[in-house]
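Visitor: Sequence first, then the predicted structure:
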Amino acid sequence: MSDARASSAPNPTPVWRSVLNAIGKVGPVFLVLVILIAWITYLNPRFIEPTFFLNFLRRAAPLMILAAGQLFVVVTGGFDLSQGSLVTLTVLAGALLAFGDPGNTWWVIALLYGIGFLVGLFNGSVTSFLRVPSFITTLGMLLSLKGLALLWTGGAPRGALPDNFRAFGRATIDGVPFVGRLPWAVIALVVLSAFFIYLFHFTVLGKHALAVGDNQHAARLAGVRVSLVRISAFVISSLAAVTAGIMLGGFSGVSINVGDGLELESISAVVLGGAALLGGRGNMPAALAGALTLQALFTLLNFLGLPSPIRVTVQGAIIIGAVAYAAWRAVRAGQERGA
Amino acid sequence: MSAATQSLPQRLRRVRIPIIWWLLLVTFLTAWLLVTLYGRGDFVAPSNLNNIVERATALGIVAVGQTFAILVGSLDLSVAYLISVTAVMASYIMQGDPSRVPLAIAVVAGIGVVVGLVNGLLVTKLRINPLIATLGVGLILRGLLNASFQNFAGSVPRSFQYLAYGSIGPVPVPMLLFAVVVAIAAWILMRTRFGAHVYAVGGDRATARLSGIRSDRIVIGAHVLTSLTAVITGLYLVSRLSSGAPWIGPDGVYDLESIAAVVVGGTVLAGGRGGVLGTVAGVLIFATLDTMFNQLGVDSYLKQVLRGLIIIGAVAVYAYRSKEVVG
Amino acid sequence: MHRTIRIMLALLAAIAMTFVVAQNDFFDADDLQFQLDAMEMEAEGPADQPWIQAIEPEYVDTSEYATEGPYTVCFSNAGVNNPWRVVGYTTMQAEVDLHPEITNFIHVDAEGSDNKQISDINGLLASGDCDVLIVSPNTTAALTPAVEAACEQLPVIVFDRGVNTDCPVTFITPIGGYAFGAAAANFIVENLPDGGNVLALRILPGVDVLEHRWSGAERIFQDAGVNVVGSEFTEGSTANTKSIVEDYIQLFGQIDAIWMDAGATAVAALEAFEDFGAPYPIITGEDQQDFLIKWRDEGLTAVAPTFPTYQWRTPIIAATMILGGESVPGHWVLPQPVVTEENLDQYIQPNMPPLHYALCGCEEMPGFPERWGGR
């Protein structure tokens, strides 16, 4: 029913109209992002300086990667609520296993991705084969994984993350021409974003994921291996969560509540990016921009100096507003086509 | 209705006891066995059974309401903060003065209706996904609440604490309150037109609309009921704690836990099938586990892991069985 | 559609208007003065065992509770949901092991919920197994009725946060939050360059122990005319802390001092300065190992008031005293040391976890250091 991505006007249109169409096609999220960044820059001109802006990107990186993973699940018609707890598990287990010894970093990271893979496999299999709604599967995992992390460490962080582990979230390359200090996390973000865009828009997996979310039965009839696509989506989401966990642990060190609430932020980001919950519609650059927009919003509210509770209220109102606007657009698009 | 002509065993066989009650029975027997084996007291003593119901009350009332939202194919993540809003506003208005109790109840009931209407309108008229809509409303309530109150505000009069601590004969008032809420909810679902429409709308909104049901009104009505149960939970909690604080709702995780209780109780997340009695059983399972873990002295992290697995396991069993029925 | 939007806006406005800004004042001048005086007093008891010391004790008779062992000690715990409570609870369990007369120790964890803690206490009372009940209340006001009900059945010991009733046999606590906040604020006032910017980082609003720390500090800052550029809530998250500090450095160019109401995220705050290549600020933390080690290694200008975890030993000791009929202080105020540059080295334990609290008083206990996660 929601086929806005396929709509295009065949008759010749003025330039401004086609620009507007282009914005409309990828979603107004980019426009909102530009406005937010302009506003922040107006309040604090240094924000746009390379060092500061790259630092902003570094801070946004974990949420953007979470949103990219979440998008795969959302377009297949599901939710992944276990991302936040998996982030916490990654950070706590990473510190416990590595115990501050740089020699342990690589096998620990490999093991963490192994855990992430298993979590994704579990989420996907239970959802596909046992036909448990993904909201429930991943809600159960949200509770279980956090419990497991605390059980494993005895309730408080133990050990420490070695410096070479933390580099992914913290280290910078100094003296880069034009930009000064370039955070590793930003490089990782660029590479991963390109990878996710490729995976989502230019591979069979991405097309099949959209097809499964749009109409599962039709997809199956068309030869799509629905279960495999679904499980892959959950695995990607979990691996993204492990990546975000490595970055967040690197950024700010170990704490037991590092992942709390991230799952809802990543869903909000994806939705801001115009993806339809319950599947079938989504766009990777827009989802990444959605996460960046959310982070810019947090920053703007900080800079406006509002009391912190009011920031929460504004955040709630804006999420509702954005989704209401998207729903309104979808309805209008439907009416224009006489559907 | 030919059951009347059948023999008792045949009739018993025809009455399918929902699987959730078996699950509750198994949980209860396991807990009883373990607690007895480890010599940690009398699990079936009346005082202990009372304690289990006491643990179920706050979550139980709001979970009954959540059942309505889920039955119409929606859900409500704003209940946790609405519980806080209720508790804080009630004690702030009462200020320990018995004569202001009616005013306080009227105001919080009004807030409940408004929040329910907002949730319902967002979901129906603006077609916002209920997860996002109610999450957003929850955030708005949280911000307003924290901006206005930082701590316990005001207090409830002694007489109002009757709601949480009184008893009529041997029956504690909270247990009675819980039973009344469940009875009213069950009556609405099973005996009223609105109840029938709730199932119809949750089952298939398009068909329901074609058969002349104004489905938007039903969804909005369900959301108002959900919010009202959150208000009742908030009033019960403020009566129990003697004063309301902004963190009461989120600390109890009433949003996700109530949804978990509803689906463990056999209501289908997509709507249309289920009921409040299953929800009650779901809440009682969690409360039994709580009591068992307390008495065994096992730490809460393990309980959290188990709780998650039970949620997944229970719903997997339902899904498996419904596949059998459908074929 | 527009009508709907108008209705929604009107409804939202209606909700917003039902809220009124209520000023909560946590400040109590008498408590502040008492605590500041207590910091200067000499505690009674052996100096090498601060967990059995007491400041200005007034002993109460407990002969009515004397009973023959063995004992069942019950403990209703607000939660084991942060590192401070994990260290404290581990220390308490070790203390139980030191007392052969306690054959049964029943611990129930309220997981940070007032409602559950009331049920927990009712459940313990219903079981009839307990000889004595220890309560660490989740919040002061909400737990008062449950504690009052317990007092009617058995001796009750309250520690950490208090309750609004005198019925417990003893209330055990370190000196308190005002003294904590004041010690940190005074250090900043003494060391801050003229016109320097101070940022206050707090965990959450509304927790009385934490509110006391801030109101103790706030007055000192006001009186000294210090420029407090912001007071922010971190929710105890290192990521939030680091982001907030980065924003403030960016916004104000320079932050000269950071006041914290709890030290668990102090290192994250310092890392924000490192990542910006900015000089370290004056900082106040707590007795967590990661902060103490950073302080020593970087030669920070710092101070660490404490809310010592050794207070978790005292309730068990008090329980055995009460059940043995020995008199105990009715309000048992424990000393509350401040870690300064002079005594820093004695608190550093590199073999312990990063968020291990140095003032656990647990170094001589069985199972140290492994039991506390050390090596």
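Guide: Cool, the structure landed. Just so it is clear, the structure is predicted and the values come from calculations on it, not from any experiment.
Visitor: Quick one: the helices in the stretch 151-300 of chain B, in order.
Guide: Assigned by DSSP state H, counting those that start in this stretch, the stretch 151-300 of chain B shows helices spanning B:162-165, B:173-191, B:193-203, B:205-210, B:215-241, B:248-251, B:254-264, B:276-296, B:300-326.
Visitor: who's in contact with the nearest residue to A:Ala326 once chain neighbours are set aside?
Guide: In space, and not counting its chain neighbours, A:Ala326 is closest to A:Gly274: 5.8 Å by C-beta to C-beta, 6 or more residues apart in numbering or on different chains. Bear in mind the C-beta positions are built from the backbone N, C-alpha and C, glycine included. Shown in contact with A:Gly274 (C-beta atoms under 8 Å, 6 or more residues apart in numbering or on different chains): A:Val26, A:Gly27, A:Pro28, A:Val29, A:Arg281, A:Gly282, A:Asn283, A:Ala286, A:Ala287, A:Gly290, A:Ala326.
Visitor: right, is whichever helix or strand B:Thr57 is part of up against chain A?
Guide: In the assignment (DSSP states H and E), B:Thr57 maps to helix B:46-71. No. Shown here: helix B:46-71 not in contact with chain A (C-beta under 8 Å from any C-beta of the partner chain), separated by at least 10.5 Å.
Visitor: Report pLDDT for the residue nearest to A:Ala326.
Guide: Predicted confidence (pLDDT) for A:Gly274: 79.
Visitor: A:Lys25 too?
Guide: At A:Lys25, pLDDT is 61.
Visitor: swap in C:Asn138?
Guide: Here the pLDDT value assigned to C:Asn138 is 89.
Visitor: try A:Thr105
Guide: In this model, A:Thr105 carries a pLDDT of 91.
Visitor: for C:Met41, same thing?
Guide: 87.
Visitor: Skip the chain neighbours and tell me the closest residue to it.
Guide: The nearest residue in space to C:Met41 (C-beta to C-beta, 6+ apart) is C:Ile55, at 5.3 Å.
Visitor: what does the stretch 51-200 of chain A put close to chain C?
Guide: A:52, A:55, A:59, A:153-160, A:170, A:172.
Visitor: returning to what we had before: could you list which residues are in contact with the residue nearest to C:Met41?
Guide: Applying C-beta under 8 Å, 6+ apart, the residues near C:Ile55 are C:Ala38, C:Met41, C:Ala43, C:Glu44, C:Ile175, C:Val333, C:Leu334, C:Pro335.
Visitor: Apply 7 Å and report the result again.
Guide: Neighbouring residues of C:Ile55 by C-beta atoms under 7 Å, 6 or more residues apart in numbering or on different chains: C:Ala38, C:Met41, C:Ala43, C:Val333, C:Pro335.
Visitor: Please spell out the PyMOL selection for the buried subset of these.
Guide: Listed next is the PyMOL selection for buried residues among those, using 16 or more other C-beta atoms under 10 Å in any protein chain shown:
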select buried, chain C and resi 38+43+333+335
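Visitor: now, which of the contacts of C:Ile55 sits nearest B:Asn119?
Guide: C:Val333 (49.6 Å; C-beta to C-beta).
Visitor: for the strand or helix carrying that closest one, packing partners?
Guide: Per DSSP H and E, C:Val333 falls inside strand C:331-334. When contacts are defined as 3 or more C-beta pairs under 7 Å, 6 or more residues apart in numbering or on different chains; DSSP states H and E, strand C:331-334 packs onto strand C:170-174, helix C:314-323.
Visitor: change it to 6 Å
Guide: strand C:170-174 (3 or more C-beta pairs under 6 Å, 6 or more residues apart in numbering or on different chains; DSSP states H and E).
Visitor: For the strand it packs on, output the C-alpha coordinates as CSV.
Guide: Taking C-alpha atoms only, strand C:170-174 is exported to CSV below (Å, rounded to 0.1, in the frame of the first residue of the first chain):
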residue,chain,number,x,y,z
THR,C,170,19.3,2.1,65.3
PHE,C,171,19.8,4.1,62.2
ILE,C,172,23.3,3.7,60.8
THR,C,173,24.7,6.3,58.4
PRO,C,174,27.9,8.1,57.6
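Visitor: Compute the inter-axis angle for that strand and helix C:314-323.
Guide: Computed by axes from the mean of the first three to the mean of the last three C-alpha atoms, to 10 degrees, the angle separating strand C:170-174 from helix C:314-323 equals 160 degrees.
Visitor: can you give me the mean pLDDT across strand C:170-174?
Guide: Strand C:170-174 comes out at a mean pLDDT of 94.
Visitor: Kindly report the same for stretch A:252-266.
Guide: Stretch A:252-266 comes out at a mean pLDDT of 88.
Visitor: From start to finish, how long is it in a straight line?
Guide: 19 Å (C-alpha to C-alpha, to the nearest Å).
Visitor: Cheers, nothing more for now.
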